[in-house]
Structures are given as structure tokens and as C-alpha cells.
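S.K.: sequence first, predicted model second:
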Amino acid sequence: MLREADPEIAALIQAEERRQASKLRMIASENDVSQAVLEATGSVLTNKYSEGYPGKRYYEGQQVVDQVEQLAIDRAKALFGVEHANVQPLSGAPANLAVYLAFLQPGDTVMGMALPMGGHLTHGWSVSATGKWFNAVQYEVRKDTGVVDLDEVRALALAERPKVIFCGGTAIPRTIDFPAFAEIANEIGALLVADIAHIAGLVAGGAHPSPVGHAPVITTTTHKTLRGPRGAMILTDAEHAKAIDRAVFPGLQGGPHDHTTAAIAVALHEASQPEFREYAHMIVRNAQTLAGALLERGFDLVSGGTDNHLILVDLTSKLIGGKPAARALDRAGIELNYNAVPFDTRKPFDPSGIRLGTAGVTTRGLTPEQMPLIAGWIDRAIAEHDDEQALDRIAAEVGELLAAL
Ligand code: DSN
């Protein structure tokens with residue numbers, strides 16, 4: 001037992017369990033996995049090495065692991081309706097790096113959404129290897145709408161002729177127009193890659209349009225709205241399957257994390273149940289209700305609201321930076337992250353915004369009914385961010401709500 005073998009770590013894990021239970025966890029990329037996913041993650045599969053793919057491994061003893069990985073692959077293919085799935089990438093960044101290795105040479109041009117506009121580091125941002133080793137061109141959102149202008153994306157694509165175009169990102173509150181991106185990619189003969197890390201659960205549950213049929217390569221993490229373990233997948237059509245498999249192994253990784261693969265399989269099974277469709281739609285309803293309640297309280301939301309699980313708040317008009325706001329909210333029992341907003345005039349480590357999401361609180365059982373309450377707490381915590389006692393009072397109210405669920 002962990003408690004006896006390492007009481008220090010056991011106590012810390014218990015403390016984290018209590019911390020998670022007592023907070024409204026609203027980091028848009030997090031969720032609460034099921035006991036079944038946790039069990040698979042903590043299984044003896046962690047003992048195994050299995051470089052290669054099912055039926056073609058470089059180590060013996062794969063009688064069980066092959067079945068586990070094949071189940072995960074089959075479930076991913078069935079859930080998303082794709083021809084091929086690679087379930088081995090260790091997380092989102094390695095999954096995206098596999099795309100570069102599979103389809104680009106160093107110095108080639110790649111196009112993605114700029115990180116401060118809502119994109120991801122691995123879509124070619126300057127500090128990432130993808131921005132250093134490739135010729136990255138970055139599209140933005142429009143200043144007046146906070147939304148991507150596909151005419152601007154098309155113009156940039158025609159001028160720069162990237163080999164790969166990424167759509168998707170980490171702070172995009174609006175529906176991604178996959179058919180329009182596909183049209184641009186097709187016009188210049190580029191490969192469209194949809195990074196659906198944030199919205200995979202919404203896509204699986206029918207609460208966001210699917211990129212399948214538009215993007216031949218789709219990357220995703222498995223732990224955000226999809227509610228699985230920390231991991232990733234790459235979904236492709238038949239044409240791009242081999243190149244992706246080779247890039248993941250042996251191109252970038254050694255042995256896959258078989259315990260994670262099993263937990264991904266469990267999460268995919270859960271996501272294929274009818275209740276998951278209800279869950280995905282409830283995430284969006286909660287986010288939209290919360291966005292409406294924040295707007296009523298005078299908050300400035302990037303793009304004016306949300307179509308998915310994610311809300312990006314520009315706090316400039318509230319005369320507070322994202323970082324002190326996030327700190328105050330954490331003390332008040334509402335956990336989220338500070339985040340750059342498009343055209344931010346402040347520094348990335350001290351930006352103007354906060355980002356929040358509703359996947360986790362929806363898993364806890366919260367409904368649109370409670371969203372105005374959360375908006376009220378956010379409003380109070382930001383107004384009283386210097387008053388620790390006031391923040392503790394909010395945290396107590398948050399605790400009462402969660403204890404009553
Ligand atoms: N860490 C992820 C997120 O929070 O969106 C991006 O890598």
C-alpha cells in the first residue's frame with residue numbers, strides 16, 4: 001500500500017484529492033476522469049515495454065498489450081469515424097511534432113494560429129522547436145471580432161504557400177470552420193491538420209462539428225473535454241496513416257505507455273455511450289449560460305461569448321491583470337488560468353486575461369442553473385481581490401455548493 005510504502009507521497013495525493021474536490025475546477029484543458037480511467041492508469045500495464053505496434057513489436061510478452069492497444073485503436077476509429085488511429089503519442093505536443101516529422105522537412109513552411117491569438121506553441125510559435133526549425137507563418141484573429149477571418153487566412157496561405165496548415169488551438173471560444181480551412185488547404189495543395197485537443201469530447205458527443213472528411217490528419221489530447229487520461233491520439237485517413245505511424249515510432253518515441261493506452265480505451269468506451277452526448281451538450285450549455293451571466297456583469301469576453309466549453313475574458317476594463325485575478329479566484333475556490341488575449345499589450349507571464357472552461361464542473365454535475373452563481377463569485381472575487389477574508393468567504397460558499405452535489 002502506498003500509505004505504508006511512502007506516507008509522504010500518499011499524504012500529498014490525498015491532499016490533492018481534497019483540493020480538487022473542494023474547488024470549482026475551471027481550467028479549460030482539465031477534467032475529472034472516472035474511477036475506471038483512474039484504475040486503468042494505475043494498472044500493471046505500467047510494467048510493460050512494447051515498442052512497435054500490435055502484431056509487430058520489438059519485445060516479447062505482448063499477448064495482452066496487443067489486445068489493449070488494438071481495442072483503443074478500434075474504439076477511436078469507431079467513435080470519430082476515421083480510417084486510422086495512432087494512440088501512442090505521449091501527449092499533445094509530441095502528437096503535433098509527429099505531424100512535422102511525417103510531412104515536413106526542416107525549413108519548410110507551416111502555418112498555424114499565433115499562440116497569443118488562441119493557437120498552440122506547436123503550431124509554429126517562435127519559442128517552440130516548430131517555430132525555430134520551420135518557416136512558420138501565423139494567422140491571427142480580427143481585432144474587431146476576436147474571430148479568425150478566413151479571407152485573411154486564405155490570403156496568407158496564397159502568399160506563403162505552407163505545406164501544412166494547422167487549425168485549432170488552446171483558447172478559441174468559437175466553432176472552427178473545418179470545411180473553410182479545407183478549401184484553403186486544397187487550393188494551395190497543403191495538408192490540413194486539425195488540432196482538436198480542446199474540443200475532442202465535444203466532437204465525439206456531437207456538440208461541435210467534426211473535422212473528419214475535411215482534415216486528413218487530426219491530432220488530439222485525450223484528457224480535456226474527452227475526459228480520458230493524459231495522452232494523445234492522431235487520427236488519419238488511410239493515405240496518411242503509414243507516415244504518421246512511422247513518425248510516432250520509431251521517429252519520435254520509444255515504448256508507448258501501455259497503462260495510458262488502456263485508460264484511453266476506457267475513456268473512448270465511455271465517450272461512445274449515449275450519456276456522453278448529453279454531457280458534451282451540457283458542457284456547451286453551461287459555458288454559454290456562464291458567458292451570458294459574465295456579460296451581464298460587464299465582463300468583456302473575447303469574441304463576445306462562446307460556442308464551446310471555453311471562455312476567454314479580457315480583464316482590461318476591470319483594471320486588473322489576469323495573474324492577480326487568477327490568484328484571487330483560486331483563493332476564492334475557483335481554479336482557472338491567466339491567459340493572453342488577442343493583441344494583448346501586457347507580457348505573456350502577466351497578461352490581460354483569464355481562460356475558463358466548463359468540462360470539469362459539468363462532470364461534477366453542475367448545470368446552467370448554477371452558472372449565474374459562479375459568475376457572481378467571479379465578479380465578487382475580482383472586485384475584492386485584495387481582501388483575503390472576502391475571498392475566503394466566497395471559497396466557503398463554493399465549498400457548500402460542491403458539498404451539496
Ligand atoms: N496546456 C494546454 C492547455 O491548457 O490548453 C495547451 O498545451
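M.R.: Looks like it came in fine. Numbers count the residues shown, from 1 in each chain.
S.K.: which residues touch stretch 18-26?
M.R.: Residues outside stretch 18-26 that contact it (C-beta atoms under 8 Å, 6 or more residues apart in numbering): 32, 330, 333-336, 356-358, 360-361, 364, 374, 395, 398-399, 401-402. Just so you know, the C-beta spots here come from the backbone N, C-alpha and C atoms, and that holds for glycine as well.
S.K.: measure it end to end?
M.R.: Start-to-end span of stretch 18-26 (C-alpha to C-alpha, to the nearest Å) is 16 Å.
S.K.: what's across from the closest residue to the ligand within the stretch 251-400 of the chain in the sheet?
M.R.: Residue of the stretch 251-400 of the chain nearest the ligand, by C-beta to the nearest ligand atom: Asn337 (6.8 Å). Under DSSP bridges, the beta-bridge partners of Asn337 are Arg355.
S.K.: so what's it up against?
M.R.: Counting by C-beta under 8 Å, 6+ apart, Asn337 makes contact with Ile27, Ala28, Ala326, Ile354, Arg355.
S.K.: and what of Gly52?
M.R.: The neighbourhood of Gly52, defined by C-beta under 8 Å, 6+ apart, consists of Tyr58, Tyr59, Phe249.
S.K.: so Val313 touches Arg297, yeah?
M.R.: No: under the criterion of C-beta atoms under 8 Å, Val313 makes no contact with Arg297, lying 10.6 Å away.
S.K.: higher neighbour count, the two?
M.R.: Each of Val313 and Arg297 has its neighbours counted (other C-beta atoms under 10 Å); Val313 has more, 25 against 16.
S.K.: show me what the strand or helix carrying the more buried one is packed up against.
M.R.: If you go by DSSP states H and E, Val313 is part of strand 310-314. Applying 3 or more C-beta pairs under 8 Å, 6 or more residues apart in numbering; DSSP states H and E, one finds that strand 310-314 contacts helix 274-296, strand 300-301, strand 353-357.
S.K.: of the contacts of Asn337, closest to Ala185?
M.R.: Ala28 (26.5 Å; C-beta to C-beta).
S.K.: name the nearest residue to whichever residue of the stretch 1-150 of the chain sits closest to the ligand, sequence neighbours excluded.
M.R.: Nearest residue of the stretch 1-150 of the chain to the ligand (C-beta to the nearest ligand atom) works out as Ser29 at 3.3 Å. Excluding its sequence neighbours, the residue lying closest to Ser29 (C-beta to C-beta, 6 or more residues apart in numbering) is Lys224, at 4.9 Å.
S.K.: the one you found against Gly360, yeah?
M.R.: No: contact between Lys224 and Gly360 fails when scored by C-beta under 8 Å: they sit 9.6 Å apart.
S.K.: overlap in contacts, these two.
M.R.: Counting by C-beta under 8 Å, 6+ apart, the shared contacts of Lys224 and Gly360 are Glu30, Asn31.
S.K.: re earlier: for my notes, confirm the residue of the stretch 1-150 of the chain closest to the ligand occurs in a strand.
M.R.: No: applying DSSP: H, G, I helix; E, B strand; the rest coil, one finds Ser29 to be coil, outside a strand.
S.K.: identify the residues contacting it.
M.R.: Taking C-beta under 8 Å, 6+ apart, we find Ser29 in contact with Thr170, Ala197, His198, Thr221, His223, Lys224, Gly357.
S.K.: from Val284, how far out is it?
M.R.: From Ser29 across to Val284, the span is 16 Å (C-beta to C-beta, to the nearest Å).
S.K.: with Ala194 instead?
M.R.: Ala194 sits 19 Å away from Val284, going by C-beta to C-beta.
S.K.: what's the answer for Gly168, then?
M.R.: Noted for Gly168: a distance of 17 Å to Val284, by C-beta to C-beta.
S.K.: give me the more crowded residue out of the two.
M.R.: Gly168 (28 against 21).
S.K.: test my guess that that one contacts Ala200.
M.R.: No: at 9.9 Å, Gly168 does not count as touching Ala200 under the criterion of C-beta under 8 Å.
S.K.: quick one, which of the contacts of stretch 18-26 are buried?
M.R.: Neighbour counting with 16 or more other C-beta atoms under 10 Å marks 32, 330, 333-336, 356-358, 360-361, 364, 374, 395, 398, 401-402 as buried within the contacts of stretch 18-26.
S.K.: how about the helices in the stretch 101-250 of the chain?
M.R.: All helices of the stretch 101-250 of the chain, identified by DSSP state H, counting those that start in this stretch, fall at 129-132, 150-160, 178-188, 200-204, 238-246.
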